[in-house]
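Chemist: just coords:
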């Protein structure tokens with residue numbers, strides 16, 4: 001097995017830039033889409049949550065399908081780049097149209113518009129994000145270098161969230177009409193997506209082909225296995241199931257908190273809209289600063305250890321949010337910063353674990369199936385957002401939340417407080433259980449690579 005040269009910094013940065021194409025639209029959706037649907041577009045909370053859930057159910061089909069097809073793609077551009085370049089324009093268009101209020105007067109008409117749009121939006125989003133994410137496993141095979149590469153991706157992911165909030169702050173401050181505010185945000189995120197995907201492809205293209213030549217036997221013929229047969233084979237991988245459970249619990253925790261933050265700041269704390277963005281920036285800013293620290297911890301110990309140290313910090317901070325009273329603004333921000341310290345590991349570790357799982361799969365099956373493996377995590381990433389919004393919307397509806405009311409009923413306020421902290425903390429407890437059972441550390445990965453080298457020589 002030929003040893004690849006160290007991954008250059010420009011390649012790491014180019015790969016990280018690709019994350020902005022998805023991170024900005026996804027962050028705008030996580031922070032604002034439920035609020036936009038209910039307050040600006042006029043959907044009731046139950047229908048608003050259902051729109052996203054229906055789109056994610058469609059993702060259950062298109063995510064593994066696109067991952068499976070990208071693994072089998074043969075083109076002069078390689079396996080991943082044709083999908084990224086072909087999907088970026090549709091993704092940009094649907095990301096813009098999502099924030100347009102349709103000219104319908106009925107709840108059914110508005111609901112139908114967003115359901116149909118979401119089906120196209122999620123398919124195009126998958127066509128770009130999934131091959132992009134799988135590309136990480138093909139740029140390097142080093143245990144620690146992969147963690148650094150995923151750390152760069154995570155930094156741009158969090159940075160994309162911060163950029164989305166800054167864009168929203170600027171637009172909200174300059175434009176008074178809510179419909180125009182969100183339409184402008186959609187246009188900005190669409191333009192950014194096209195630019196960032198193009199830069200990512202240009203910056204990683206040479207390294208990708210360098211890796212293909214160095215590991216010529218890395219991708220043997222895929223054969224004629226059906227998608228269902230390949231899926232059964234993938235889910236038979238015990239280490240993969242641990243990563244799936246870990247990521248689903250941790251990502252749903254993050255997304256429930258993000259979806260509830262505007263309601264917590266506005267309805268419970270009684271603060272103006274600017275405090276929501278500032279609170280989100282406190283969490284995200286702390287997380288992006290801590291990525292460097294957790295990356296070093298993962299290098300000194302292991303990826304699993306880094307998560308086992310970071311996630312409990314986020315749990316304690318989230319549990320503390322239920323104790324915050326409307327006059328304790330400083331305490332709210334302090335807990336947000338503390339949560340950001342631990343949240344950084346949730347962005348970094350699961351995606352850094354998955355390339356090692358793909359190596360184990362190659363050892364067991366003789367095939368490289370990055371697209372299929374990463375499709376599961378990409379699906380869970382989107383499903384976690386959808387489930388968080390659906391759950392939040394349903395609970396707000398059941399407890400009597402009224403987007404037009406100045407004062408909310410007591411059951412709705414309690415629902416907001418439980419969703420912002422205790423429920424996400426409980427989900428993080430589940431992620432710790434899966435992390436504890438994850439079997440691949442640095443020594444085990446070295447053994448896998450050594451065994452692969454013997455197989456390739458044979």
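Modeler: Now that the structure is in, tell me what you want to look at. Please read all numbers here as calculations on a predicted model, not as lab measurements.
Chemist: now the element after the particular helix or strand that has residue 157 in it, going C-ward?
Modeler: Element membership of residue 157, judged by DSSP states H and E, is helix 143-174. Sequence-wise, the next helix or strand downstream of helix 143-174 (DSSP H and E) is helix 178-214.
Chemist: what angle do that following helix and helix 143-174 make?
Modeler: 160 degrees (axes from the mean of the first three to the mean of the last three C-alpha atoms, to 10 degrees).
Chemist: before we move on, the earlier item: which helices and strands does the helix holding residue 157 pack with?
Modeler: Packing partners of helix 143-174 (3 or more C-beta pairs under 8 Å, 6 or more residues apart in numbering; DSSP states H and E): helix 9-28, helix 136-139, helix 178-214, helix 273-300, helix 329-365, helix 442-457. Just so you know, the C-beta spots here come from the backbone N, C-alpha and C atoms, and that holds for glycine as well.
Chemist: how about low-confidence regions in the stretch 1-150 of the chain?
Modeler: 1-3 (pLDDT under 70).
Chemist: change it to 50
Modeler: Along the stretch 1-150 of the chain, the model assigns pLDDT under 50 to residues 1.
Chemist: what are the boundaries of the helices in it?
Modeler: In the stretch 1-150 of the chain, the segments counted as helices under DSSP state H, counting those that start in this stretch are 9-28, 34-35, 45-71, 81-97, 107-134, 136-139, 143-174.
Chemist: report the buried residues of the last one.
Modeler: Within helix 143-174, the residues that qualify as buried by neighbour count (16 or more other C-beta atoms under 10 Å) are 143-165, 167-169, 171-172.
Chemist: now swap in the fourth one and tell me
Modeler: Taking 16+ other C-beta under 10 Å as the neighbour-count basis, helix 81-97 is seen to contain the buried residues 81-85, 87-88, 90-97.
Chemist: same thing with the third one?
Modeler: Across helix 45-71, burial judged by 16+ other C-beta under 10 Å covers 45, 47-56, 58-59, 62-71.
Chemist: which other helices and strands does that helix contact?
Modeler: Under the contact rule (3+ C-beta pairs under 8 Å, 6+ apart), helix 45-71 is packed against helix 34-35, helix 107-134, helix 227-235, helix 370-398.
Chemist: now those in CSV, with distance to residue 204 and mean neighbour count?
Modeler: Below are the helices and strands packed on helix 45-71 laid out as CSV (distance: least, C-beta to C-beta, whole Å; neighbours: other C-beta atoms under 10 Å):
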stretch, distance to residue 204, mean neighbour count
helix 34-35, 34, 24
helix 107-134, 9, 22
helix 227-235, 25, 15
helix 370-398, 14, 24
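Chemist: which of those helices sits closest to residue 20?
Modeler: Evaluated over the helices and strands packed on helix 45-71, closeness to residue 20 peaks at helix 107-134, with 10.8 Å, by C-beta to C-beta.
Chemist: return the list of helices and strands in contact with the closest one.
Modeler: Under the contact rule (3+ C-beta pairs under 8 Å, 6+ apart), helix 107-134 is packed against helix 9-28, helix 45-71, helix 81-97, helix 178-214, helix 370-398.
Chemist: any idea which of the ones you listed gets closest to residue 134?
Modeler: Going by C-beta to C-beta, the one of the helices and strands packed on helix 107-134 nearest residue 134 is helix 370-398, 4.0 Å.
Chemist: quick one: average pLDDT of the closest one?
Modeler: Averaged across helix 370-398, pLDDT comes to 76.
Chemist: report the contact partners of the closest residue to residue 119 other than its chain neighbours.
Modeler: Using C-beta to C-beta, 6 or more residues apart in numbering and skipping the chain neighbours, the partner closest in space to residue 119 is residue 58 (5.3 Å). Listed by C-beta atoms under 8 Å, 6 or more residues apart in numbering, the contact set of residue 58 reads 118, 119, 122, 123.
Chemist: next, count neighbours for residue 176.
Modeler: Using other C-beta atoms under 10 Å, the number of residues around residue 176 comes to 8.
Chemist: from residue 397, how far off is it?
Modeler: 29 Å (C-beta to C-beta, to the nearest Å).
Chemist: residue 7 now?
Modeler: 48 Å.
Chemist: rewinding a little: and the angle from the helix holding residue 157 to helix 273-300?
Modeler: 170 degrees.
Chemist: please report how far residue 67 lies from residue 344.
Modeler: Separation of residue 67 from residue 344 (C-beta to C-beta) stands at 27 Å.
Chemist: okay, residue 420: pLDDT?
Modeler: 88.
Chemist: check residue 217 too.
Modeler: For residue 217, the model assigns a pLDDT of 48.
Chemist: so which of the contacts of residue 58 comes closest to residue 328?
Modeler: Distance to residue 328 across those (C-beta to C-beta) is lowest for residue 118, with 37.9 Å.
Chemist: how much space separates the closest residue to the closest one other than its chain neighbours from residue 119?
Modeler: Closest residue in space to residue 118, ignoring its immediate chain neighbours: residue 55 at 3.5 Å, by C-beta to C-beta, 6+ apart. Note on residue 55: its distance to residue 119, by C-beta to C-beta, is 6 Å.
Chemist: quick revisit: the residue nearest to residue 118 and residue 121 touch, don't they?
Modeler: Yes. With contacts counted by C-beta atoms under 8 Å, residue 55 reaches residue 121, the gap being 7.0 Å.
Chemist: and residue 404, what does it touch?
Modeler: Taking C-beta under 8 Å, 6+ apart as the definition, residue 404 has no contacts.
Chemist: from residue 417, how far off is it?
Modeler: Per C-beta to C-beta, residue 404 is found 21 Å from residue 417.
Chemist: residue 270: neighbour count?
Modeler: Residue 270: 13 neighbours (other C-beta under 10 Å).
Chemist: which residue is the nearest non-sequential neighbour of it?
Modeler: Excluding the flanking residues, the one nearest residue 270 by C-beta to C-beta, 6+ apart is residue 326, at 5.3 Å.
Chemist: kindly report the same for residue 321.
Modeler: Among residues not flanking residue 321 along the chain, residue 421 sits closest, at 3.6 Å (C-beta to C-beta, 6+ apart).
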